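Trainee: Sequence plus the predicted model coming up.
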Amino acid sequence: MTREIIRAESLDHALELYRADPAHTRFLAGGTQLHRLGGDRKCSREIVLQGVTDGEIRRKDKKTLTIGAAAVFQDLADHPEIPPVLKDACLSAQSRTLRQMATIGGNIAAGLDESYLLPALAVLNARVRVYQEGSTAEEIPVEAFREGLITHVIIPDITVPAVQRRISRSSQTKAAVTAACSWGTEIRAAVSAVRCGLVVLQNTGALLDQGAVRDDQELADLAAGEFDPGDDFTGSREYKQYTAGVLLGQFLRTLIDQKRGG
């Protein structure tokens with residue numbers, strides 16, 4: 001249970017408060033994860049980021065998009081320059097109330113196994129800008145983020161064709177598998193699942209890029225070498241691995257059709 005809530009006066013103030021007790025301190029944006037039933041029980045202090053981080057979505061050049069960490073899912077779903085794959089990921093959250101509260105920075109920072117956004121962001125080669133003291137920042141791949149104060153998310157090329165899908169028993173339950181795939185200068189594939197988290201399928205993506213994969217079962221076998229979700233209430237390990245293979249096969253055919261159409 002949270003015992004203390006502090007409103008940050010600046011990014012440096014927020015970072016100072018966090019570093020005083022990182023094991024029990026969390027940044028608070030929309031609150032959809034910290035305040036949900038069964039949320040982070042280690043958290044005894046929350047740092048409110050309202051007014052410290054922004055939710056602005058802006059183009060840096062013809063292809064690069066910068067998204068403020070405070071942008072909520074509905075902002076992303078409604079914005080004309082957000083890539084369709086990321087819009088689809090946001091709309092996987094069926095509750096409009098949730099979409100009006102959940103932020104892109106918070107979803108990444110929570111690092112949830114069943115994250116709506118992480119697979120889509122990973123195949124878009126998204127990077128997160130993590131604030132350091134003295135108005136400096138470090139940019140790292142979204143899949144490499146572990147902790148810190150996220151201020152922005154950068155998508156380097158919004159024109160890259162990409163698709164994603166979330167497989168769950170209902171729109172409000174945890175997903176058995178969420179998968180995404182993109183085809184820019186190379187094919188990039190990512191999956192996530194409960195008890196496993198986000199996995200960027202490096203070897204599978206490379207073989208897809210080489211045209212060396214023939215069918216869904218072969219894709220499932222390849223994914224199994226990099227993706228080991230385990231058994232749980234959302235499905236067996238084998239089910240999730242095969243589902244990931246089927247999805248990647250569907251994605252590849254979709255992307256080929258898009259390439260031909262383009």
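Mentor: Cool, got the structure.

Trainee: contacts, neighbours, all on C-alpha from now
Mentor: Noted.

Trainee: Show me where the stretch 101-250 of the chain has its helices.
Mentor: 104-110, 118-123, 202-209, 216-224, 237-261 (DSSP state H, counting those that start in this stretch).

Trainee: and the residue nearest to the spatial centre of the chain, what is it in contact with?
Mentor: Compute the mean C-alpha point of the chain, and by C-alpha atoms, centre = their mean the closest residue is residue 118, 1.6 Å away. Residues counted as contacts of residue 118 (C-alpha atoms under 8 Å, 6 or more residues apart in numbering) are 108, 142-143, 198.

Trainee: The residue nearest to residue 126 when sequence neighbours are not counted: neighbour count?
Mentor: Counting by C-alpha to C-alpha, 6 or more residues apart in numbering, residue 126 lies nearest to residue 155, which is 4.6 Å off, once chain neighbours are set aside. By other C-alpha atoms under 10 Å, 23 other residues sit near residue 155.

Trainee: ok, residue 155 touching residue 62?
Mentor: No - under the criterion of C-alpha atoms under 8 Å, residue 155 is not in contact with residue 62, lying 11.6 Å apart.

Trainee: follow-up on the earlier one: which stretch among the helices of the stretch 101-250 of the chain is buried most, on average?
Mentor: Highest mean neighbour count among these (mean count of other C-alpha atoms under 10 Å): helix 118-123, with a mean of 28.

Trainee: Restricting to C-alpha, output it in PDB.
Mentor: What follows is helix 118-123, C-alpha atoms only, in PDB (Å, rounded to 0.1, in the frame of the first residue of the first chain):
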ATOM      1  CA  LEU A 118       6.000  -3.300 -26.300                       C
ATOM      2  CA  PRO A 119       6.000  -5.800 -29.200                       C
ATOM      3  CA  ALA A 120       4.800  -3.100 -31.600                       C
ATOM      4  CA  LEU A 121       7.300  -0.600 -30.300                       C
ATOM      5  CA  ALA A 122      10.100  -3.200 -30.500                       C
ATOM      6  CA  VAL A 123       9.500  -4.000 -34.200                       C
END
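
Trainee: pLDDT averaged over it, what's the number?
Mentor: Regarding helix 118-123, the rounded mean pLDDT is 96.
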